[in-house]
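Undergrad: coords below, sequence missing:
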């Protein structure tokens, strides 16, 4: 979400009913995001994580471009370079996340990715609470993974790379929110990412890997994980204070674990549920502490 949208919604009047409806909408957004990831995983065996990401990027671009209508010819270099970087972040973040989902499961992958926004929230802080949160997050990841000789280090590394990309996404969005109006930045960046994945679509098409079920699963991932969450978050921020956003984001790892269990049959061990709970609790504490300081 770009900064100017957040600023406009911060001033919007909110009733108790509107707040409840907004929170429900955000919960629906989180659930849709993780269900979409699980749906996309059904196409991994046919077109691979890269193929699913490629379709997802084109679906997102097809929705965002007509809405935002960015005039790319008038972009200055000060607007183009962060847009290009954001497009690269989109491309890398989605591929690394889906690779992690394919190797270590949806719940673990999303929890590792969730460390990105948590790190941004804690970065630069010198308070004792935030220091304890950072230590707690590290302990939660250790309990979640329990590293050993049988650990899938490539899958874990892919999840952590997705976390780095999510942190970069937040920082670039803040910058572009000042330099580009409305939704032009995410629309342009998604288009850049879609162009980068064009060779993947060509390769998948020439290799004969396409099947109707795989195509439907990939498109479903694009709709459920990009289009619906974006629309829901935009509506929710009209009635929900943006500071609540970080707290509600805490449900993503939990919904990811549940979606993996129900839709993919990915059962988690007790230590993995405990690790997820620790990371979620740390985020809630960090966000609440930041609100009090504010």
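TA: Arrived safely, thanks for sending. These figures come from a predicted structure and were not determined experimentally. Residues are numbered from 1 along each chain as shown.
Undergrad: Name the SS class of residue 150, please.
TA: Here residue 150 is coil, with the state taken from DSSP: H, G, I helix; E, B strand; the rest coil.
Undergrad: Which residues are in contact with it?
TA: Contact partners of residue 150, counting by CB atoms under 8 Å, 6 or more residues apart in numbering, are absent. In this view, the C-beta of every residue, glycine as well, is placed from N, C-alpha and C.
Undergrad: Now it, what are its backbone angles?
TA: Here is the backbone geometry of residue 150 (degrees, to the nearest 10): phi -90, psi 0.
Undergrad: what do you get for the one 4 residues further on?
TA: Here is the backbone geometry of residue 154 (degrees, to the nearest 10): phi -70, psi -40.
Undergrad: Quick check: the closest residue to it other than its chain neighbours vs residue 159, distance?
TA: The shortest distance from residue 154 to any non-neighbouring residue, by CB to CB, 6 or more residues apart in numbering, is to residue 103 (6.4 Å). Distance, residue 103 to residue 159, by CB to CB, to the nearest Å: 9 Å.
Undergrad: Also residue 120?
TA: Residue 120 is 17 Å from residue 159, by CB to CB.
Undergrad: shouldn't residue 224 be in contact with residue 31?
TA: No. In this structure, residue 224 is not within contact of residue 31 by CB atoms under 8 Å, at 9.3 Å.
Undergrad: Any idea how far apart the tips of stretch 265-276 sit?
TA: Using CA to CA, to the nearest Å, one end of stretch 265-276 lies 18 Å from the other.
Undergrad: Rounded mean pLDDT for it, please.
TA: What stretch 265-276 shows for mean pLDDT is 94.
Undergrad: ok, residues contacting it?
TA: Residues from elsewhere that reach stretch 265-276, judged by CB under 8 Å, 6+ apart: 105-108, 111, 140-146, 253-254, 257, 260-261.
Undergrad: Cross those against helices and list the overlap.
TA: The helices, defined by DSSP state H, take in 106-108, 111, 140-145, 253-254, 257, 260-261 from these.
Undergrad: Now the two most distant members of those residues.
TA: The span of the ones in helices among the contacts of stretch 265-276, defined through CB to CB, is set by 142 and 261 at 22.5 Å.
Undergrad: Which residue of the two possesses the greater neighbour count?
TA: Higher neighbour count among residue 142 and residue 261: residue 261, with 16 against 13, using other CB atoms under 10 Å.
Undergrad: In terms of secondary structure, what does the helix or strand containing residue 160 contact?
TA: According to DSSP states H and E, residue 160 maps onto helix 153-179. For helix 153-179, the packing partners by 3 or more CB pairs under 8 Å, 6 or more residues apart in numbering; DSSP states H and E come out as helix 3-10, helix 77-104, helix 106-113, helix 115-122, helix 184-196.
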